[in-house]
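*Asks:* model this:
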Amino acid sequence: MADETTDVSSKLQTVLVFRYIKGSTAVERFWGFFTSAQQTADSLSSLILNELQPLVGQNPNKMIAQSYDGAAVMSGRHGGVQAKIKAKYPLAHFVHCYAHKLNLIMTQAASQNSDVRIFFGNLSEIPIFFSNSSQRVHFLNKVVGRRIPRSVPTRWNFKSRTVNVVFEYREDLIECMEEIEETSGINTTTKNQAGAIRRLLQERSFVFWLTLFHYIMPHVDILYNELQKRIIDSVEISRCLKLFKENITTIRNQKMHEIMEKAKSFENIIDTKRLKFNDETWKISATEVCDVIINVAEDRFQYTDQLNAANLLICEKFEWYDLTFPQDYFTETMKSYPFLEKQRLKTELTVLYSSEEYRNFSSCAVLLNFLVSNNLQEVFREVIKLLKILVTMPMTTVEAERDFSTLNRIKTFLRSTMCQERLNALACLTIEQRLIRSISDFNERVIDKFAKQKDRRIELIFKKTRNNYICASYY
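*Replies:* This is a model prediction of the structure:
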């Protein structure tokens, strides 16, 4: 997994994270931050290949997947980084980060309807209004007692938080705006902006869309949190996506009348002369938004050829597969991973489908752990190999985003000239602290290495003197 960002010294940093199987569990390890002279596909692919070569060696089948965001330089089919990596490692299938896909889905849903675009544009003005003045924040804390989260374009869940907070504290926000308007000593610009936001919060059109997205956003948050898990595989994602689409469909077909009534029940609602509230019109618009979310989710989260293998190991379908073997999925899987033994894999899958004890596992990771813990490695050798592929395959680049947060904490304005080697060392100590703590003699080995680097004025290690006495240690 790889991603790019700019650090505090305006230097482009590319982070590499490797995901692999340890025992029967998938682990993700920070490999390092790297600088590239140019932000081009050639430069970035060369950087990644140089780091991969010592690890993969002469066995290109070890490299089974690569995951980036949707930027053209990374995901381009012909000249992108993923294409250049795949040219050397044919089985390194590209997986577009699913968390980025969710953001794209909600962005597209918000841009399809002009009223929705206006709603989110107006909604973003509320946190911006309070972010520009400590005096305004004072009124917010006094009346509402709750900060308004400011939305970030790359993270849809921030918009979700803004929707939920404004919905829950709408009456308090109106009171806050009224108090700002009535307080003497406040400049005219602030009073005018407060009046505009107060009227916005009372506008029936705004209240309707606020209510609709207050119903939708919790399901977006649930899916977003699932996609952010460190250990998640394609089967578990398939289950989460199915549940997400079912919930949005329920809102579309069964809860629309409830949303309409909820929007009407608010107090202090006014109709603008430009927009008259019409039940049928808003219902059609709201249904359209739900349809866009469902359809775009199906398109963007549709499994590609290399992920058809996940369909072979969805435990909920084992009973159906026992009656009719999923030959299409099996054929596509063999095309993606030709190193698997075809006949043996088919036999093992047939046995797996016929047994009821394997039909209740929620994900590939759970099934893999069960088979390994029960010493069934030889019985299901090829199935375990396929399970390891699916568990290893990254679904998101969330770990890379977490590493960027560490980068911002380590390389600050006061330490902006830090060299790359020191940056990687400090980042590794922070990100992989659990791994480091598991090394029993780590501290002693660090001290020994430091003490042996050069002669020092004080004795840092035990050693014999000319008179064969032992010097004291300064550990």
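*Asks:* Give me the secondary structure label for Thr5.
*Replies:* Recorded secondary structure, Thr5: strand (DSSP: H, G, I helix; E, B strand; the rest coil).
*Asks:* Tell me which residues touch it, please.
*Replies:* Thr5 makes contact with Leu12, Gln13, Val15, Phe404, Leu407, according to Cβ atoms under 8 Å, 6 or more residues apart in numbering. For the C-beta atoms, the positions are set from N, CA and C on the backbone; glycine is no exception.
*Asks:* Now do the helices in the stretch 101-250 of the chain.
*Replies:* In order along the chain, the stretch 101-250 of the chain carries the following helices (DSSP state H, counting those that start in this stretch): 114-131, 134-143, 156-168, 170-182, 188-202, 204-227, 234-254.
*Asks:* quick revisit: select only the buried ones of the contacts of Thr5 in ChimeraX?
*Replies:* The command below creates a ChimeraX selection of those among the contacts of Thr5 that count as buried (16 or more other Cβ atoms under 10 Å):
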select :12,13,15,404,407
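*Asks:* just flag whichever of the helices of the stretch 101-250 of the chain has the lowest average confidence.
*Replies:* When the helices of the stretch 101-250 of the chain are compared by mean pLDDT, helix 156-168 comes last with a mean of 81.
*Asks:* returning to that earlier point: quick check, nearest of the contacts of Thr5 to Pro127?
*Replies:* When the contacts of Thr5 are ranked by distance to Pro127 (Cβ to Cβ), Phe404 comes first, at 22.9 Å.
*Asks:* hey, what's the residue nearest to that closest one when sequence neighbours are not counted bridged with?
*Replies:* In space, Phe404 comes closest to Thr5 once its chain neighbours are excluded; the distance is 4.9 Å by Cβ to Cβ, 6 or more residues apart in numbering. Under the criterion DSSP bridges, Thr5 forms beta bridges with Gln13.
*Asks:* so how far is stretch 142-149 from its chain's centroid?
*Replies:* 28 Å (Cα atoms, centre = their mean, to the nearest Å).
*Asks:* buried residues in it?
*Replies:* Quick answer for stretch 142-149 (16+ other Cβ under 10 Å): Val143, Val144, Ile148, Pro149.
*Asks:* From those, which one has the minimum pLDDT?
*Replies:* Within the buried residues of stretch 142-149, Pro149 has the lowest pLDDT, namely 77.
*Asks:* Contact partners for that residue?
*Replies:* For Pro149, the set of contacting residues under the criterion of Cβ under 8 Å, 6+ apart consists of Pro127, Phe158, Arg161, Thr162, Val165.
*Asks:* what separates it from Ser134, distance-wise?
*Replies:* When distances are taken as Cβ to Cβ, to the nearest Å, Pro149 and Ser134 turn out to be 18 Å apart.
*Asks:* Kindly report the same for Pro338.
*Replies:* For Pro338 relative to Ser134 (Cβ to Cβ), the value is 64 Å.
*Asks:* Of the two, which one has the most company?
*Replies:* When Pro338 and Ser134 are compared on other Cβ atoms under 10 Å, the one with more neighbours turns out to be Pro338, at 11 against 8.
*Asks:* Looking at that one now. What's its pLDDT?
*Replies:* What the model reports as pLDDT for Pro338 is 88.
*Asks:* can I assume it sits in a strand?
*Replies:* No - per three-state DSSP, Pro338 lies outside any strand segment and is coil.
*Asks:* quick one, what contacts it?
*Replies:* Contact criterion Cβ under 8 Å, 6+ apart gives no residues in contact with Pro338.
*Asks:* One more: the one 10 residues further on?
*Replies:* Under the criterion of Cβ under 8 Å, 6+ apart, the contact list for Glu348 reads Val379, Phe380, Arg381, Glu382, Val383.
*Asks:* Count the neighbours of Asp379 for me.
*Replies:* Wrong residue type there; residue 379 is Val, not Asp. Summarising burial for Val379: neighbours were counted as other Cβ under 10 Å, giving 13.
*Asks:* Which secondary structure state does it sit in?
*Replies:* Following three-state DSSP, we place Val379 in the coil state.
*Asks:* ok, now Phe325?
*Replies:* coil.
*Asks:* State the distance from the closest residue to it other than its chain neighbours to Phe380.
*Replies:* Sequence neighbours aside, Thr350 is the residue nearest to Phe325 in space, at 6.7 Å (criterion: Cβ to Cβ, 6+ apart). Thr350 sits 11 Å away from Phe380 when distances are taken as Cβ to Cβ.
*Asks:* And for His93?
*Replies:* Distance check for His93 against Phe380: by Cβ to Cβ, it reads 23 Å.
*Asks:* Equivalent analysis for Arg146, please.
*Replies:* Applying Cβ to Cβ, the value for Arg146 to Phe380 is 53 Å.
*Asks:* ok, now Thr5?
*Replies:* Relative to Phe380, Thr5 is positioned 42 Å away (Cβ to Cβ).
*Asks:* Thr162 now?
*Replies:* Taken as Cβ to Cβ, the spacing of Thr162 relative to Phe380 amounts to 48 Å.
*Asks:* Count the residues that sit near Tyr329.
*Replies:* The number of residues packed around Tyr329, counting by other Cβ under 10 Å, is 20.
*Asks:* Could you say which helix or strand holds it?
*Replies:* helix 327-336 (DSSP states H and E).
*Asks:* Val95 too?
*Replies:* Short version: Val95 belongs to strand 93-96, going by DSSP H and E.
*Asks:* how far is that strand from where the chain is centred?
*Replies:* In terms of Cα atoms, centre = their mean, the centre of strand 93-96 is found 15 Å from the chain centre.
*Asks:* And the closest residue to Cys315 other than its chain neighbours, how close does it get to His214?
*Replies:* Excluding the flanking residues, the one nearest Cys315 by Cβ to Cβ, 6+ apart is Phe361, at 4.6 Å. Distance of Phe361 to His214, computed by Cβ to Cβ: 35 Å.
*Asks:* ok, now Leu12?
*Replies:* 39 Å.
*Asks:* Pop out the phi and psi values for Asp291.
*Replies:* In this entry, Asp291 is assigned phi and psi values of phi -60, psi -40 (degrees, to the nearest 10).
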